[in-house]
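Colleague: Just a sequence and a predicted model for now, questions to come.
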Amino acid sequence: MNALMKKAARELNIKPHWVVSKGKQTDTHRCLLAAPGDIEGHRSRTDRRFYVLDTARVFPPQVPTGHKGGFLYQLLRPEFVKHHAVPLCSDAFCGWGNDPQDQSVIARHNEEIRAATKLLGRKIIPAFLKNLDSSEMYVESLILLRCMYVACARGE
């Protein structure tokens with residue numbers, strides 16, 4: 001399953017990171033995960049296939065805006081993440097992304113998200129709006145959404 005998760009993460013441009021889980025006693029288990037820390041993977045006893053649950057936070061958060069738990073639901077668009085210059089961590093701005101063996105890791109994850117959020121807000125969205133403003137055509141809402149996704153993918 002780990003190989004499949006890594007392959008999916010490469011396709012989606014999700015950054016692998018260390019996650020620490022506590023066992024039933026005081027032991028801890030540290031593993032490299034190419035997904036959010038709260039995702040679940042299971043192998044069916046019936047058909048032996050793998051199933052993944054709790055995928056809501058696969059895509060990284062934007063910089064939290066002060067809303068409690070914003071990192072759980074203020075997420076970057078898949079089109080933007082997939083085409084961003086560097087892979088981004090699903091667990092930025094939350095405890096799962098913290099590596100106890102290197103405390104600077106979470107700061108790097110968070111800084112990459114800050115840079116991505118800044119790019120989106122200062123370059124991509126304004127360029128999209130300028131493009132939209134200069135075209136004097138009626139745009140239906142579904143077409144508008146598609147145009148926004150394309151702009152995210154191109155980094156415009």
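Modeller: Yep, that arrived. Numbering: from 1, shown residues only.
Colleague: Tell me the buried residues in the worst-scoring helix or strand of the chain on mean pLDDT?
Modeller: Between all helices and strands in the chain, the lowest mean by mean pLDDT, DSSP states H and E belongs to helix 141-154, at a mean of 74. Of all the residues in helix 141-154, those buried under the rule 16 or more other Cβ atoms under 10 Å are M148, A151, C152, A153. C-beta: built from backbone N, CA, C; applies to glycine.
Colleague: May I have that helix as CSV, with CA atoms only?
Modeller: Extracted in CSV, the C-alpha atoms of helix 141-154 (Å, rounded to 0.1, in the frame of the first residue of the first chain):
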residue,chain,number,x,y,z
SER,A,141,-20.7,30.0,-13.8
LEU,A,142,-19.6,26.5,-14.8
ILE,A,143,-17.4,27.9,-17.6
LEU,A,144,-16.0,30.4,-15.1
LEU,A,145,-15.1,27.6,-12.6
ARG,A,146,-13.3,25.7,-15.4
CYS,A,147,-11.4,28.8,-16.4
MET,A,148,-10.3,29.3,-12.8
TYR,A,149,-9.1,25.7,-12.6
VAL,A,150,-7.1,26.1,-15.8
ALA,A,151,-5.6,29.4,-14.5
CYS,A,152,-4.5,27.6,-11.3
ALA,A,153,-3.0,24.8,-13.3
ARG,A,154,-1.0,27.2,-15.5
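Colleague: As a check, name the ranges of all strands in this structure.
Modeller: 17-22, 28-33, 40-43, 50-53 (DSSP state E).
Colleague: Could you identify which of those strands is most buried?
Modeller: With neighbours defined as mean count of other Cβ atoms under 10 Å, those peak in mean count at strand 17-22, which reaches a mean of 16.
Colleague: now it: mean pLDDT?
Modeller: Mean pLDDT, strand 17-22: 78.
Colleague: again, but for stretch 93-109
Modeller: 83.
Colleague: how about it: buried residues?
Modeller: Quick answer for stretch 93-109 (16+ other Cβ under 10 Å): F93, C94, W96, G97, N98, D99, V105, I106, R108, H109.
Colleague: Just the residues contacting it, thanks.
Modeller: Identification of contacts with stretch 93-109 by Cβ atoms under 8 Å, 6 or more residues apart in numbering yields 15, 17-20, 30, 36-38, 61, 63-64, 70-72, 88-92, 110, 113.
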